Every structure is written in structure tokens, then in C-alpha cells.
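Peer 1: Requesting a structural model of the entry that follows:
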Amino acid sequence: MNNAEVMRSFGAHRTTTNQNSISAFTALIFAGLLVGCAAGPDFKRPAVPEVASYTAAPLPAQTASASTTLGGVQRFSAGTNVSAQWWHGLGSSRLDALIQQAFQASPTLASANATLRQAQEIYAAQAGSTLYPKVDVGIGAQRQRLNPSIFGQVGDAREFSLYNASVGVQYRLDLAGGNRRALKALAARAEYRRYELKGARLTLAANIVTTAITQAKLAGQILGTEAILRAQDEQLHLTRERVRLGQAAPDDVLALQSQVEQTRAGLPVLRKQLQQNEHLLAVLTGRAPGVGGLPTFTLEEFALPAELPLVLPSELVRRHPDIQAAEALLHVANAEYGVAVAKLYPQLNISSSLGSQALSTGALFGGGSAVWVLIGQLTQPLFNPGLPAEKRASLAAFDAAAANYQSVVLEALRNVADVLRALDNDAQTLAALAIADTAAQGSLESMQRQYALGAASYVQLLTAQQQAQQNRINLIAAQAQRLVDSAALYQAMGGGGSTSVESLL
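Peer 2: Below is the predicted model:
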């Protein structure tokens with residue numbers, strides 16, 4: 001058998017009949033009629049809450065004021081834009097710099113950012129493999145033995161080499177829209193990761209603000225407690241002298257000693273809280289606790305924001321990262337339900353290849369035999385109990401995502417309501433404590449004058465000093481709480497963004 005006979009024998013195996021071509025074109029026409037259909041319902045954004053305010057009782061237009069540091073009036077201002085760097089309103093440049101450093105060094109943000117990039121690349125990979133045909137180039141060689149008797153011919157068996165080069169194209173027509181739904185699910189998941197990153201930035205900034213304020217509060221309370229302890233130690237020493245002189249009973253010493261040791265026991269607790277707070281601040285900024293170099297904050301360097309932003313609940317759900325993330329997960333569940341529905345419909349795969357076959361490499365691209373294949377395969381599930389169950393499971397997942405979205409919205413509304421009430425009540429608390437502090441300072445000054453004139457004892461003076469310091473400790477806590485409440489409102493509002501011009505009051 002010569003080379004020409006071998007090539008004619010091999011050509012008898014090609015799947016290039018007219019009948020196959022007609023079938024393939026019929027499938028293409030059928031596919032064209034179905035293109036544009038998409039299984040499952042289109043995603044619709046959830047309706048916004050119909051409530052017009054966060055609390056049942058109307059909010060006051062402004063908070064109470066106090067004649068002390070951080071005791072100014074705060075107004076709830078609808079329509080005020082929330083700056084993306086809302087913490088600048090607290091007036092501490094060192095805090096601003098620390099938060100900026102944390103954004104660069106935080107492993108939590110780095111992880112969230114990497115997860116976002118991963119979701120985006122997964123979407124890009126899926127889009128590239130489903131939206132466009134797959135094209136492959138192949139070059140091969142094989143050694144073959146052919147016996148002419150299998151074709152009814154005479155002659156000896158012959159061995160020969162066969163070389164081929166081809167270009168293949170494969171594409172799955174998205175008849176029921178399953179590929180499009182799958183891409184929407186991946187795009188929504190990438191959006192979910194983006195909102196996660198936004199929420200992580202907001203939470204990190206709020207935690208650093210709260211931690212810095214708490215540090216300033218604890219440092220002030222430690223100073224006040226140490227002053228009380230010094231006064232109590234002095235009073236205890238005087239009482240012991242009076243007992244020695246027979247002017248006081250031993251029970252007086254025991255009572256004072258119990259009071260002194262209780263105060264002394266409170267100092268390690270405050271120091272522990274301060275040290276743990278410093279460790280937390282270091283970790284939040286991406287540092288090990290033992291590195292050091294963190295600023296030490298005081299309440300005097302902070303300012304109380306006079307204008308507090310307030311947005312409508314209907315706008316809150318469109319800007320809060322937690323709610324946006326829950327909405328993205330709802331979109332994912334909707335798209336995945338569409339994917340499950342699409343599996344119940346026909347699937348059409350089209351593949352084709354064009355190449356050349358020859359008995360030598362030199363003839364492969366010149367005198368070789370052209371070979372092409374066009375295949376259209378249409379499949380329709382007839383009996384697969386797993387597919388309806390998968391559809392029902394996807395629908396249940398959508399219902400769960402819808403319930404989760406509702407829960408997140410309600411929780412966000414509750415957080416705002418809690419913070420608004422805290423701002424009002426804590427301002428009133430500070431006003432009362434400021435009056436008490438003024439009274440305690442006045443009483444101390446009066447006692448100092450009486451002591452200078454000999455009308456009051458030194459013990460009475462020490463008692464007045466302790467009362468004044470205790471009032472000051474309570475005042476420091478209330479001042480810090482107003483700052484914390486302000487930061488909590490910015491966080492509850494979802495951070496930076498535009499607000500509605502409608503009033504909630």
C-alpha cells in the first residue's frame with residue numbers, strides 16, 4: 001500500500017458528513033431562538049424601611065450642655081455630610097495620624113483586601129471561561145501500524161508515522177442563562193467582599209478612637225484615685241496619732257484602714273485596664289504590644305463635635321456597609337437559585353476543530369490532508385431527582401439570606417436608636433456631674449479657708465479633698481463617654497457619605 005492509499009484509508013474516518021453539518025446548523029438555529037432567556041427571577045433590591053425615625057419618642061433638637069470640658073451642646077443635623085475621615089472632628093492630630101498608620105499596617109485590612117482581590121479574580125476567571133469560546137492549539141505525532149485487510153484490501157501490513165496540527169474551539173451556549181446567573185453570583189460575592197473591607201475600615205477606625213479615649217479616661221481616673229489614696233493615707237496616719245494621744249478609739253483606725261486598702265486595691269485594677277488598653281491599641285495599629293512608641297492621649301486634646309449627622313432609615317440601608325454586605329449575599333442567593341433552575345433546561349455544547357494531517361512534518365502545513373470537525377451536543381435532563389432537590393435547596397438558601405438581611409437591617413436601626421438615646425442621656429449625666437463637681441470644688445475651697453482660719457480640722461480638709469477627687473473621677477468618665485458616643489454615632493451611620501436633607505426630628 002502506498003502513501004496515497006494510506007491517506008485515503010485514514011480519510012474514511014473523518015466526521016465531516018453533510019448529515020452532521022445539517023444537525024450542527026439546526027442546533028445553532030435552535031440556540032439562537034433561546035439566547036436571551038434566563039432561568040429564575042431577576043434580582044430586585046429589598047424595599048427600604050417605611051419608618052421615618054429611629055425612636056418611638058421624638059428626639060430633642062440638641063443635647064444638654066454642661067459648664068465643663070467636653071460639655072458643649074451637640075445638635076442632630078439632618079443633611080450634614082459625613083466625612084470619610086469623620087474622626088478628624090474629634091480634634092486630635094495624633095489620633096488622625098495613628099488611624100492613618102493603622103490603615104497601612106493592619107493585618108485585618110490586609111486580609112480583607114486580599115480576599116476582595118481573590119473574589120474579583122475568581123469572577124474574572126469564570127467570565128473568561130464562560131463568556132468567550134475556549135481555543136486550543138495542538139500538535140501531535142504518532143506511530144501507527146495499518147493492516148489493509150480490515151478495509152477488504154490485499155497487501156502486507158504497513159507501519160507509518162502520522163503528524164497532525166489543529167486548532168480547536170469549544171463553547172457552551174447559555175440557553176437558560178445559567179452561566180450569566182453564575183457570573184452574577186460571583187460579581188455579587190465580590191461586592192460582598194468590598195463591603196466587608198469598607199466595614200472593616202470603619203470598625204478599625206471606631207475601635208482606635210474608642211481605645212484612645214478610654215486610655216485618656218483611665219489615665220485621668222488613676223491620677224484621681226492616687227490623690228484620694230494619698231489623702232486617705234494622711235488621714236489614717238493622723239488617726240493613729242490621735243489614738244496614741246488618747247483622742248480617738250482604735251476602731252477609728254480599723255475603719256479608716258479598711259477604706260484605704262479598698263482604694264489601694266482599685267488602683268491595680270485601673271492600671272491593668274490601662275495596660276490592656278495600650279496592648280489593644282498597639283494591635284489595632286498593626287504592632288506588637290512590646291514595641292512601644294504609641295502616643296499617650298489625654299481628654300484635653302479631644303474636641304466634642306458640635307454637629308452630629310443623622311440620616312433617614314431609608315438612606316441608612318443604602319449606605320451602611322453591614323447592610324450592603326447582607327444585600328450582596330441576598331443577590332448571591334438569588335443568582336445561585338437561577339443557576340439551579342437553569343440546570344433543569346437543555347444544555348447545548350458546540351465544539352469544532354480544524355487541522356492538518358500528514359505522513360511527514362514537511363507536508364504537515366503544505367500537502368497534508370485537511371481535517372475539520374463540527375459537533376453540536378444538546379442534552380436535556382429526563383430523570384435526575386437531585387436537580388429538583390438542588391433547586392429547592394437554593395430557594396431555601398435565598399429565604400435564609402432574605403431573613404438575614406432583615407435581621408441586619410433591624411440590628412442597624414437598633415444600634416442607631418441606642419446611640420441617639422445614649423447621646424441624650426449621657427449629656428444629661430455630664431451636666432449633673434458638672435454641677436456636682438462645681439459644688440464639690442466650692443466645698444473644698446470653703447474648707448481650705450476654714451482650715452486656714454482654724455475653724456476646721458485637717459481631717460475635715462482631707463475628707464473634702466477626697467470627695468472632690470471622687471466627683472472628678474466620675475466627671476472624667478462622663479466626659480469620655482460623650483466622646484465615645486459621638487464616635488459610635490458615626491459608626492452607626494455607616495461612616496463617610498452623603499446624608500438625606502429631610503429632618504428626623
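
Peer 1: okay, the residue found closest to A400 once you drop the neighbours it is linked to in the chain: pLDDT?
Peer 2: Excluding the flanking residues, the one nearest A400 by CB to CB, 6 or more residues apart in numbering is A333, at 7.5 Å. For the C-beta atoms, the positions are set from N, CA and C on the backbone; glycine is no exception. You'll see A333 listed with a pLDDT of 95.

Peer 1: What of A127?
Peer 2: We have a pLDDT of 89 for A127.

Peer 1: burial of V317, as a residue count?
Peer 2: 25 (other CB atoms under 10 Å).

Peer 1: what's the answer for N471, then?
Peer 2: 22.

Peer 1: and what of S129?
Peer 2: Neighbour tally, S129, other CB under 10 Å: 12.

Peer 1: Let me know the helix or strand that it is in.
Peer 2: helix 107-130 (DSSP states H and E).

Peer 1: So which elements touch that helix?
Peer 2: helix 178-244 (3 or more CB pairs under 8 Å, 6 or more residues apart in numbering; DSSP states H and E).

Peer 1: Is G71 in contact with T429, as I believe?
Peer 2: No. Contact criterion CB atoms under 8 Å: G71 and T429 do not qualify, at 10.9 Å.

Peer 1: Direction included, what does the longest strand seen in the chain pair against?
Peer 2: Longest strand in the chain by number of residues, with DSSP state E as the criterion: strand 158-173. When pairing is defined by DSSP bridges, strand 158-173 lines up against strand 134-146 (antiparallel), strand 347-358 (antiparallel).

Peer 1: tell me the secondary structure for L308?
Peer 2: For L308, the assignment made with DSSP: H, G, I helix; E, B strand; the rest coil gives strand.

Peer 1: Would you map the helices across the stretch 351-500 of the chain?
Peer 2: 386-453, 458-492 (DSSP state H, counting those that start in this stretch).

Peer 1: Return the alpha-carbon coordinates of the longest strand of the chain using PDB.
Peer 2: Output of strand 158-173 as PDB, limited to C-alpha atoms (Å, rounded to 0.1, in the frame of the first residue of the first chain):
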ATOM      1  CA  ARG A 158       2.500  -1.300   6.900                       C
ATOM      2  CA  GLU A 159       3.900   1.000   9.600                       C
ATOM      3  CA  PHE A 160       3.900   4.700   9.200                       C
ATOM      4  CA  SER A 161       4.200   7.900  11.100                       C
ATOM      5  CA  LEU A 162       1.200  10.300  11.300                       C
ATOM      6  CA  TYR A 163       1.600  14.000  12.200                       C
ATOM      7  CA  ASN A 164      -1.200  16.400  13.000                       C
ATOM      8  CA  ALA A 165      -1.700  20.000  13.900                       C
ATOM      9  CA  SER A 166      -5.100  21.500  14.800                       C
ATOM     10  CA  VAL A 167      -7.000  24.400  16.300                       C
ATOM     11  CA  GLY A 168     -10.000  23.500  18.400                       C
ATOM     12  CA  VAL A 169     -12.800  25.800  19.600                       C
ATOM     13  CA  GLN A 170     -15.300  24.900  22.300                       C
ATOM     14  CA  TYR A 171     -18.200  27.000  23.600                       C
ATOM     15  CA  ARG A 172     -21.300  26.300  25.700                       C
ATOM     16  CA  LEU A 173     -24.300  28.300  24.600                       C
END
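
Peer 1: So which bits of it are buried?
Peer 2: 160, 162-166, 168, 171-173 (16 or more other CB atoms under 10 Å).

Peer 1: of the residues you listed, closest to S258?
Peer 2: R172 (82.8 Å; CB to CB).

Peer 1: Could I get the contacting residues of that closest one?
Peer 2: By CB atoms under 8 Å, 6 or more residues apart in numbering, the contact list for R172 reads 130, 179, 347-350.

Peer 1: Neighbours of A56, how many?
Peer 2: Residues within reach of A56, counting by other CB under 10 Å, total 7.

Peer 1: Can you check what pLDDT the model gives it?
Peer 2: pLDDT, A56: 89.

Peer 1: picking up where we left off before, let me know how buried the residue nearest to A400 is, in neighbour terms.
Peer 2: 24.

Peer 1: packing partners for the helix or strand encompassing it?
Peer 2: Per DSSP H and E: A333 is located in helix 321-342. Applying 3+ CB pairs under 8 Å, 6+ apart, one finds that helix 321-342 contacts helix 178-244, helix 386-453.

Peer 1: Q377: which of those is closest?
Peer 2: With distances scored as CB to CB, the stretch of those nearest to Q377 is helix 178-244 (16.0 Å).

Peer 1: what packs against the closest one?
Peer 2: Using 3+ CB pairs under 8 Å, 6+ apart, helix 178-244 sits against helix 93-105, helix 107-130, helix 250-284, helix 321-342, helix 458-492.

Peer 1: Buried deepest among those helices, which one?
Peer 2: For these, average neighbour numbers computed from mean count of other CB atoms under 10 Å are highest in helix 321-342, which has a mean of 23.

Peer 1: Only alpha carbons, please: show it as CSV.
Peer 2: Written as CSV, here are the backbone C-alpha positions of helix 321-342 (Å, rounded to 0.1, in the frame of the first residue of the first chain):
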residue,chain,number,x,y,z
PRO,A,321,-21.6,48.5,54.9
ASP,A,322,-23.1,45.8,57.0
ILE,A,323,-26.5,46.2,55.3
GLN,A,324,-24.9,46.5,51.9
ALA,A,325,-22.9,43.3,52.6
ALA,A,326,-26.1,41.5,53.6
GLU,A,327,-27.8,42.7,50.4
ALA,A,328,-24.9,41.4,48.3
LEU,A,329,-25.3,38.0,49.9
LEU,A,330,-29.0,38.1,49.1
HIS,A,331,-28.1,38.9,45.5
VAL,A,332,-25.7,35.8,45.5
ALA,A,333,-28.5,33.6,46.8
ASN,A,334,-30.9,34.9,44.1
ALA,A,335,-28.3,34.2,41.3
GLU,A,336,-27.5,30.8,42.6
TYR,A,337,-31.2,29.9,42.6
GLY,A,338,-31.2,30.9,38.9
VAL,A,339,-28.2,28.6,38.3
ALA,A,340,-30.1,25.7,39.9
VAL,A,341,-33.2,26.4,37.8
ALA,A,342,-31.1,26.6,34.6
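
Peer 1: on that earlier part again, mean confidence for the longest strand of the chain?
Peer 2: 82.

Peer 1: what angle separates that strand from helix 178-244?
Peer 2: 60 degrees (axes from the mean of the first three to the mean of the last three CA atoms, to 10 degrees).

Peer 1: What is the neighbour count of G246?
Peer 2: Neighbour count for G246, taken as other CB under 10 Å: 7.

Peer 1: now Q247
Peer 2: The local packing of Q247 (other CB under 10 Å) involves 10 other residues.

Peer 1: How about A57?
Peer 2: Counted with other CB under 10 Å, the neighbours of A57 add up to 7.

Peer 1: How about P46?
Peer 2: Neighbours of P46 (other CB under 10 Å): 15.

Peer 1: Show the contacting residues for it.
Peer 2: 317, 327, 330, 402, 405.

Peer 1: Against D418, how distant is the last one?
Peer 2: The span separating Y405 from D418 equals 21 Å under the rule CB to CB, to the nearest Å.

Peer 1: So for the two, which sits in the more crowded spot?
Peer 2: A direct count of neighbours by other CB under 10 Å for Y405 and D418 places Y405 higher, at 20 against 15.

Peer 1: which ones are touching that one?
Peer 2: Contacts of Y405 (CB under 8 Å, 6+ apart): 46, 323, 326-327, 329-330.
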